[in-house]
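*Asks:* Following is a predicted model, sequence given first.
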Amino acid sequence: MRYGDDFSGCLNLFRELDMSETKRPVGRPSIYTDELAHEICERLANGESLIQICRDPAMPSRETIRRWCDESSQFCGMYARAREQQAHYFVDEMIEIADKVVEDSAAVQKARLQIDTRKWAAAKLNKAAYGDGAEKIININASSKQVADLTDDELAAELAKHGLKS
């Protein structure tokens, strides 16, 4: 035999057969396009999880999407808005779950778990709309004054604009 019967002979055969120029890349395509970015964000906003989206062979991996967020502020902004919209989707879904539940103990428990999970996710994805009161985000436009420089009445007025009490 030309290459011998040992391991090194087999290794030499594989080296000769190496077709590195014609090898296909491993994994899914990771080429960023606006259309692909919009599809990912649309699917997120419509309640699909990133895990579900990435199971689609036409979609990039989660790692690729995270890398896109790091590399593109435009995509990162779209992704963040899609996650905020996903929170709104979850809230709509909670209402449907609650309205459809039957008076069976197991069904009620399942519905409660589904709703609690979505409430938690909505609060994490969109704190301004669904977070705890302590986490409510507000912007105070006090012209050139710092918040610390506002009088008690000015601060109360700004908080009242956002539905908060001082």
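*Replies:* The structure has been received and is ready for your questions. Please read all numbers here as calculations on a predicted model, not as lab measurements. Numbers count the residues shown, from 1 in each chain.

*Asks:* List phi and psi for Glu150.
*Replies:* Glu isn't right for residue 150; it's Leu. Backbone dihedrals for Leu150, given as degrees, to the nearest 10, come out at phi -70, psi 150.

*Asks:* Compute the number of surrounding residues for it.
*Replies:* Residues lying near Leu150 (other Cβ atoms under 10 Å) number 15. Placement of C-beta: from N, CA and C, glycine included.

*Asks:* mind checking how far it is from Gln109?
*Replies:* The span separating Leu150 from Gln109 equals 48 Å under the rule Cβ to Cβ, to the nearest Å.

*Asks:* do Arg81 as well
*Replies:* When Arg81 is compared with Gln109 (using Cβ to Cβ), they lie 34 Å apart.

*Asks:* What of Ile97?
*Replies:* As defined by Cβ to Cβ, Ile97 lies at a distance of 12 Å from Gln109.

*Asks:* Can you identify the element that follows the longest helix along the chain toward the C-terminus?
*Replies:* The residue-count maximum for a helix in the chain (DSSP state H) belongs to helix 73-100. Stepping forward along the backbone from helix 73-100, the first helix or strand reached (DSSP states H and E) is helix 105-125.
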